[in-house]
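*Asks:* Pasting the sequence and the predicted coordinates here, then a few questions.
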Amino acid sequence: MLVKVCGMRDEAALAAVAALAPDFLGFIFAPASPRYMEDVLAPEQVQQVPTSIWKVGVFVNATTETVLAKARQFGLGAVQLHGHEAPAQCEELGEAGLLVMKAFSVGSAVDFAALLPYVPFCDFFLFDTKGAAPGGNGAVFDWALLERYDLPVPYLLAGGLALEHAAELAALRLPGLVGVDLNSGFETAPGVKDAHRVAQMLQALRLPATT
Ligand SMILES: O=C(O)c1ccccc1N[C@@H]1O[C@H](COP(=O)(O)O)[C@@H](O)[C@H]1O
């Protein structure tokens, strides 16, 4: 199971979580988010994350020019598009050499047909809970809604995941599911990750499957 830890904005927590070697570390570039990090982390602090970890910039309805400029400045290898970005923008960012993750908000149902235009242009999808904010709402959706997923793009599960879900997530078998995204459920304050809780989750998810 791939693990992304998102919303890094505290230098000490960044170092502690990076030392745990998650697959992805996420940095929020949406100014309205309490996890917005450009005011507290310098590009060099992001660039020094080990190259074995994908550095993911999380954007909400930013232009391609802005995303590419931030990617260059902070040394991002991947982008998570968490707004209403079009398939053409995913294509542009992929062609620029970035790994593209498109997030979709899940309410009481998922319209998989609406995702079809994104299929050729995304490396991963990410399913998050619909809420008042574009992301980081800290709420879990009904994962059973993904049982009918049949598209060829692998996805990460997001939305309110916390340590209490560890056993259920480790045993979860859903078509297309390849990873999880840890965010507000692993914080002591917005953007300050609790490396101890992240370590416990990584251990639970990386244990060999028993079934
Ligand atoms: O975390 C944020 O503040 C945020 C802001 C804008 C876009 C995305 C954001 N976070 C993403 O939201 C999901 C779910 O987070 P949570 O577990 O519910 O807190 C996750 O993919 C984050 O990357």
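*Replies:* Perfect, I can see it now.
*Asks:* CA atoms for contacts and neighbours, from now on please.
*Replies:* OK.
*Asks:* what packs against the lengthiest strand in the chain?
*Replies:* With secondary structure taken from DSSP state E, the chain has its longest strand at strand 99-106. Using 3 or more C-alpha pairs under 8 Å, 6 or more residues apart in numbering; DSSP states H and E as the contact test, the elements touching strand 99-106 are strand 78-81, helix 87-95, strand 124-129.
*Asks:* Where does the prediction get shaky in the chain?
*Replies:* The chain contains residues with pLDDT under 70 at 208-211.
*Asks:* Those residues of it touching the ligand, which are they?
*Replies:* Within reach of the ligand by C-alpha under 6 Å from any ligand atom, the chain has these residues: 6-7, 30, 33-35, 82, 128, 134-139, 158-161, 181-185.
*Asks:* on that earlier part again, output the longest strand of the chain as CSV - backbone C-alpha positions only.
*Replies:* Output of strand 99-106 as CSV, limited to C-alpha atoms (Å, rounded to 0.1, in the frame of the first residue of the first chain):
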residue,chain,number,x,y,z
LEU,A,99,3.3,12.9,-12.2
VAL,A,100,-0.4,13.9,-12.1
MET,A,101,-2.9,13.0,-9.4
LYS,A,102,-6.4,14.2,-9.9
ALA,A,103,-8.6,14.5,-6.8
PHE,A,104,-12.4,13.9,-6.9
SER,A,105,-14.8,14.7,-4.1
VAL,A,106,-17.1,11.9,-3.1
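*Asks:* Now do the contacts for residue 81.
*Replies:* The neighbours of residue 81, taking C-alpha atoms under 8 Å, 6 or more residues apart in numbering as the test, are 58-61, 100-103.
*Asks:* quick one, strands of the protein?
*Replies:* Using DSSP E, strands in the chain cover 2-5, 24-28, 54-59, 78-81, 99-106, 124-129, 155-157, 177-182, 187-189, 192-193.
*Asks:* quick revisit: quick one: closest of the helices and strands packed on strand 99-106 to residue 22.
*Replies:* strand 78-81 (14.4 Å; C-alpha to C-alpha).
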